[in-house]
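> okay, predicted coordinates and the sequence, questions at the end:
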Amino acid sequence: MKLLYFAKIREILGRSDETISLPPNILSAGDLIDYLMDLDDIYKTAFSDKRFFIAVDEEFVEMDFIIKNSKEIAIFPPVTGG
Amino acid sequence: MIKIRIQSEAFNIENEIKEISRSKLNGATVSFIGSVRDLKSENLKNLEIEHFPKMAEKVLEKTAQYAFKNWNLSQCIIIHRYGKLKIADPIVLIITSSPHRKEAFKANEYIIDFLKTNAPFWKKENTEKRSYWVNQKN
C-alpha cells in the first residue's frame, strides 16, 4: 500500500510517500493512523493535533472507511487553496 | 463547456474571457480572481502552493460539473496555479457564464467556497523572518 503525504505532514515526516505492508488486523483508515502512531514517534508528531484528512484513491474518506484493498492513501492537513 | 487547468505559469485573464464570451448562450459572465496578499505586514517574500495533482484535478472537475448542472451554466473555467508566487500574483481564476446573471454569480461563489475547503492545495508563506503553512479559515 502506498501512502502519500502533503504540506506540513510531508515536512514533519521528511518524505512525500512510502510503501508499507499492513498487518491483517488493520482494517480502517483510523486503524492505519493508530498503527503508524504506534510505529514511530514521528507519526505522533505529524498526526497528534488531529488536523488531517484522509483520501483513498483521490476521494475523501472518514476514519471508519475500510482501507484493506486500497492502493493509495493520502494523508494531509486541511486544504488552503483558492 | 468546462475547462479545468492546474498550472504553475500565470494565466491571461483577457484571453480566457475572450474565449468564453463568444457563445450566444452567455448572457452573463462572472469572473473571480484570487491573488496573493500580505495581510500580516511581515514582508512576504513569496507564497508557495503545493498540491496533490490527481486529486486536485478530480475535485475541480467535479465542482465545475456540479455548478454547471445546478445553475444552468453555459461555460465554466477554473484555473488554479501552484509553485512559488509573489505578492499580487493571481492564484486562481473562476469564470462562470450563463444566460442570466444570478446563476453566474451564484455558481461562481459556490465554486470558490467549495474549492477552498475541498481542493487539495496548501499555501506556505515565506516571509523575511519565517516560513509557515497557512491555516484553513471558514
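The structure has been received and is ready for your questions.
> just give me the neighbour total for the closest residue to B:Lys3 other than its chain neighbours.
Using CB to CB, 6 or more residues apart in numbering or on different chains and skipping residues adjacent in sequence, the residue nearest B:Lys3 is B:Ile77, 4.6 Å away. C-beta here means a position set from N, CA and C on the backbone, and glycine is covered the same way. Neighbour count of B:Ile77, defined by other CB atoms under 10 Å in any protein chain shown: 22.
> could you pull up phi and psi at B:Ile77?
B:Ile77 adopts backbone torsions of phi -120, psi 130, taken as degrees, to the nearest 10.
> wait, it sits on B:Asn108?
No - contact status for B:Ile77 versus B:Asn108: not in contact, 10.6 Å apart, counting by CB atoms under 8 Å.
> what is the helix or strand that contains A:Leu3 packed up against?
Assigned by DSSP states H and E, A:Leu3 falls within strand A:2-5. For strand A:2-5, the packing partners by 3 or more CB pairs under 8 Å, 6 or more residues apart in numbering or on different chains; DSSP states H and E come out as strand A:17-19, strand A:72-76.
> winner for burial among those strands?
Across the helices and strands packed on strand A:2-5, averaging neighbours per residue (mean count of other CB atoms under 10 Å in any protein chain shown) puts strand A:72-76 on top, at a mean of 21.
> is that strand up against chain B anywhere?
Yes - contact of strand A:72-76 with chain B (CB under 8 Å from any CB of the partner chain) involves A:74, A:76.
> got phi/psi on B:Phe32?
Torsion angles, degrees, to the nearest 10, at B:Phe32: phi -120, psi 130.
> count the residues that sit near the nearest residue to it once chain neighbours are set aside.
Distance criterion CB to CB, 6+ apart; nearest residue to B:Phe32, sequence neighbours excluded, is B:Ile94 at 4.5 Å. Applying other CB under 10 Å, we find 26 residues neighbouring B:Ile94.
> tell me the pLDDT at B:Ile94?
pLDDT recorded at B:Ile94 is 98.
> likewise for B:Arg37?
For B:Arg37, pLDDT reads 88.
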